[in-house]
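Visitor: Predicted coordinates and the sequence they were generated for:
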Amino acid sequence: MFALSSVRHEFDGKRVLDLAHWQVARGETWLVRGPSGSGKTTLLHILAGILKPAEGSVSVAGQDYARLGAGGLDRFRGRHIGIVLQRLHLVGSLTVMNNLLLAQYLAGLPQDRRRAREVLDGLGLGGKAASHPHQLSHGQAQRVALARAVINQPQLVLAGEPTSNLDDARCREAFELLSAQAAGCNATLVIATHDQRIRERVANRLTLEARS
Ligand SMILES: Nc1ncnc2c1ncn2[C@@H]1O[C@H](COP(=O)(O)OP(=O)(O)OP(=O)(O)O)[C@@H](O)[C@H]1O
Ligand SMILES: [Mg+2]
């Protein structure tokens, strides 16, 4: 589903990521782990096409990122990749419904309220479509971010620290929702986290090394 080859990145002349080869099949779930500063978020950004690595090649769903310009990458990401980061980046001035419609618009897709309702209902947010993000609990806001990540039926879902700051019950729930939503689109799921509680639940692991 995606392949990274000889991917290296530096910030301010310091090597932060060095990945010889990583290949993942459609529908698999992977955990990216490693201590703080080992490059987990950097790797998610590279996979999302938000950050261009200093060296190496990235190909997602048969698309070589090097062949896309900035606009093409934005469209590709909007259509094929769902992203849930620890900071949710919901648009505060828009309702929950309009946050979802915006994700469709940014991907160049028709705005489909029925699909948005369906996703919200599936996440138990049916009653919150007209609410603004500040009117939601943290767990609800997290589920809206998840709804936005899957609304365009992505082939790849990327999640960064989706469970930190959650108690054990909510951690399990967040992980299960993420897995179920990814499975619902037959998407590949990549979770970057140092949350030990998720470790046993995912068989495929990529461990990044500590860098001083
Ligand atoms: N925009 C940036 N400019 C300069 N250095 C950066 C930038 N982003 C990240 N770094 C550095 O790159 C290294 C890897 O950072 P990254 O955020 O990928 O780590 P991480 O594994 O996600 O850590 P954490 O578990 O704390 O989230 C760190 O040393 C960090 O300081
Ligand atoms: Mg990080």
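Guide: It's in. Numbering: from 1, shown residues only. Ligands and ions are numbered 1, 2, ... in the order given.
Visitor: which SS state does the residue in the chain that ligand 2 sits nearest to fall under?
Guide: Of all residues in the chain, T41 sits closest to ligand 2, at 3.2 Å by CB to the ion. Any C-beta I mention is one placed from the backbone N, CA and C, and that applies to glycine too. Of the three states, T41 takes helix according to DSSP: H, G, I helix; E, B strand; the rest coil.
Visitor: do you know how far it is from R197?
Guide: Remark: distance between T41 and R197 (CB to CB, to the nearest Å) = 19 Å.
Visitor: out of the two, which sits in the busier spot?
Guide: Set T41 next to R197 and count neighbours by other CB atoms under 10 Å: T41 wins out with 18 against 13.
Visitor: Report how many residues lie close to the residue nearest to the more buried one when sequence neighbours are not counted.
Guide: Nearest residue to T41 in three dimensions, chain neighbours excluded: G160, at 5.8 Å (CB to CB, 6 or more residues apart in numbering). Neighbours of G160 under the rule other CB under 10 Å: 21.
Visitor: just K14 next, same as before
Guide: Neighbours of K14 under the rule other CB under 10 Å: 9.
Visitor: what sits against it?
Guide: Neighbouring residues of K14 by CB atoms under 8 Å, 6 or more residues apart in numbering: R211.
Visitor: and it, bridged to which residues?
Guide: Applying DSSP bridges to K14 yields these beta-bridge partners: F11.
Visitor: Give me the neighbour count for I191.
Guide: By other CB under 10 Å, 27 other residues sit near I191.
Visitor: Surely it is in a strand?
Guide: Yes. When classified by three-state DSSP, I191 is found to be part of a strand.
Visitor: Just give the nearest non-adjacent residue to it, would you?
Guide: Nearest residue to I191 in three dimensions, chain neighbours excluded: A159, at 4.7 Å (CB to CB, 6+ apart).
Visitor: Repeat that for P133.
Guide: Counting by CB to CB, 6+ apart, P133 lies nearest to L90, which is 4.3 Å off, once chain neighbours are set aside.
Visitor: can you pull the buried residues of the helix ranked longest in the chain?
Guide: The single longest helix within the chain, with elements called by DSSP state H, is helix 168-184. Within helix 168-184, the residues that qualify as buried are 171, 173-175, 177-179, 181-182, counting by 16 or more other CB atoms under 10 Å.
Visitor: Check stretch 28-36 too.
Guide: Buried, per 16+ other CB under 10 Å, within stretch 28-36: 29-34.
Visitor: Next: stretch 135-152.
Guide: By 16+ other CB under 10 Å, the buried positions in stretch 135-152 come out as 136, 140-152.
Visitor: Same check on stretch 108-125?
Guide: The neighbour-count check on stretch 108-125 (16+ other CB under 10 Å) flags 109, 115-116, 119-120, 122-123, 125 as buried.
Visitor: got the CA positions of that stretch in PDB?
Guide: The C-alpha trace of stretch 108-125 is given here as PDB (Å, rounded to 0.1, in the frame of the first residue of the first chain):
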ATOM      1  CA  GLY A 108     -11.900  18.600  -4.400                       C
ATOM      2  CA  LEU A 109     -14.800  16.200  -3.700                       C
ATOM      3  CA  PRO A 110     -18.500  17.100  -3.800                       C
ATOM      4  CA  GLN A 111     -20.000  18.100  -0.500                       C
ATOM      5  CA  ASP A 112     -22.100  15.200   0.700                       C
ATOM      6  CA  ARG A 113     -24.100  15.900   3.800                       C
ATOM      7  CA  ARG A 114     -25.600  12.400   3.800                       C
ATOM      8  CA  ARG A 115     -22.100  10.800   4.000                       C
ATOM      9  CA  ALA A 116     -21.200  13.300   6.800                       C
ATOM     10  CA  ARG A 117     -24.300  12.400   8.800                       C
ATOM     11  CA  GLU A 118     -23.600   8.700   8.300                       C
ATOM     12  CA  VAL A 119     -20.000   9.100   9.700                       C
ATOM     13  CA  LEU A 120     -21.200  11.300  12.600                       C
ATOM     14  CA  ASP A 121     -24.000   8.800  13.500                       C
ATOM     15  CA  GLY A 122     -21.500   5.900  13.300                       C
ATOM     16  CA  LEU A 123     -19.300   7.700  15.900                       C
ATOM     17  CA  GLY A 124     -22.300   8.600  18.200                       C
ATOM     18  CA  LEU A 125     -22.100  12.200  17.200                       C
END
